[in-house]
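1. quick one: sequence and predicted model below, then my questions.
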Amino acid sequence: MSTPTVLFTGGGGLLGSQVRHLAPEFLYPTRAEFDITDFAGMERYAAAHPFQQLVHAAAFTSPPQVDKDPLRAIEANIIGTANVVRLCLKHGARLIYICTDYVFQGDKGGYLESDPVHPVNKYAWSKLGGECAARLYDRALIVRTTFGPDRFPYDRAFTDQWTSREPASVFARKLLELVRSDACGVVHVGGPRRTVFEYARSLDPSRPIGEMSVKDVAFKVPVDTSLNCDRYQSLVQEVSR
């Protein structure tokens, strides 16, 4: 059985850099080569570079920046993702869409794939908009997750926000397991439930990290978006058999 050709959007981003290190054989077009807001240009690239899978990681991801520039989020996260779905539909390619744990309200944690979604900020609404397009395609796998740099990028971290966040290097390895599977639908990927402060300390226990509250920031933050990742574990076991 031949190895499928995988097209990866967002190859210059945090996750893309990690995946590129692990899977250099994937296609990683630049934005000039594959602009997800330009469907005609995407078609030209696809005609010259046939692919069987597309991992869609390109996104506008900063909640406070999305609050300031929602039009950019509409173009990148909703229209851009809809274009990616159109392209996969047209070419019969499997799609893996990188979504977010922020689609949940954050009022209980331990979320299952089947739990109701209810975003509390504009960034999450834009990612859910992309998820809506992906759900129209039977060969799509929607990956709800959260990841960050291997070094925590701030001097302070929330002590009252719970998460399943993992370093991008860890999530990249888990993502490749999903690329090797033929799973579709929705799957949650993440680590143990802990506060963002605990997560930040785990990355470098010798580094001092200050404490802060979700009440200290101007944008809305869901309190507990930790994920139940049982389905992911089942899928990985199936791949390894």
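-> Here it is on my side, so go on. Worth saying up front: this structure is predicted, and the values here are computed from it rather than measured.

2. dig out what the residue positioned nearest the centre of the chain forms beta bridges with.
-> Among the residues of the chain, the one closest to the centroid is Ile98, at 3.0 Å (CA atoms, centre = their mean). With DSSP bridges as the criterion, Ile98 is bridged to Val143.

3. hmm, Leu141 and it touching each other?
-> No. Here Ile98 does not reach Leu141: they are 10.0 Å apart, not a contact under CB atoms under 8 Å. (C-beta placed from N, C-alpha, C; glycine too.)

4. from Gly210, how far out is the residue nearest to the centre of the chain?
-> Distance, Ile98 to Gly210, using CB to CB, to the nearest Å: 30 Å.

5. and Ala23, by the same measure?
-> Going from Ala23 to Gly210 by CB to CB gives 36 Å.

6. neighbour count for the two, which is higher?
-> With other CB atoms under 10 Å as the criterion, Ala23 and Gly210 differ in neighbour count, and Ala23 comes out ahead with 16 against 11.

7. list the contacts of the more buried one.
-> By CB atoms under 8 Å, 6 or more residues apart in numbering, Ala23 lies in contact with 6, 176, 179.

8. which of those residues lies closest to Leu235?
-> Val179 (11.3 Å; CB to CB).

9. so what secondary structure elements neighbour the helix or strand containing the closest one?
-> Per DSSP states H and E, Val179 falls inside helix 168-180. Judged by 3 or more CB pairs under 8 Å, 6 or more residues apart in numbering; DSSP states H and E, the packing partners of helix 168-180 are helix 14-22, strand 53-56, strand 94-100, strand 140-145, strand 147-148, helix 230-240.

10. in stretch 190-209, what's buried?
-> 190-191, 193-201, 209 (16 or more other CB atoms under 10 Å).

11. let me see the contact set for the residue lying closest to Gly110 once chain neighbours are set aside.
-> If the residues on either side of it in the chain are set aside, Gly110 comes closest to Asn228, at 5.2 Å by CB to CB, 6 or more residues apart in numbering. Residues in contact with Asn228 (CB under 8 Å, 6+ apart) are 110-113, 188.

12. of those, just the buried ones, ChimeraX syntax please.
-> Buried residues among the contacts of Asn228 (16+ other CB under 10 Å), as a ChimeraX selection:
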select :111,113,188
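
13. and the contacts of Asn228 as a markdown table, adding distance to Val103 and secondary structure?
-> What follows is the contacts of Asn228, written out as a markdown table (distance: CB to CB, whole Å; DSSP: H, G, I helix; E, B strand; the rest coil):
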| residue | distance to Val103 | secondary structure |
| --- | --- | --- |
| Gly110 | 15 | coil |
| Tyr111 | 9 | strand |
| Leu112 | 13 | coil |
| Glu113 | 11 | coil |
| His188 | 11 | strand |
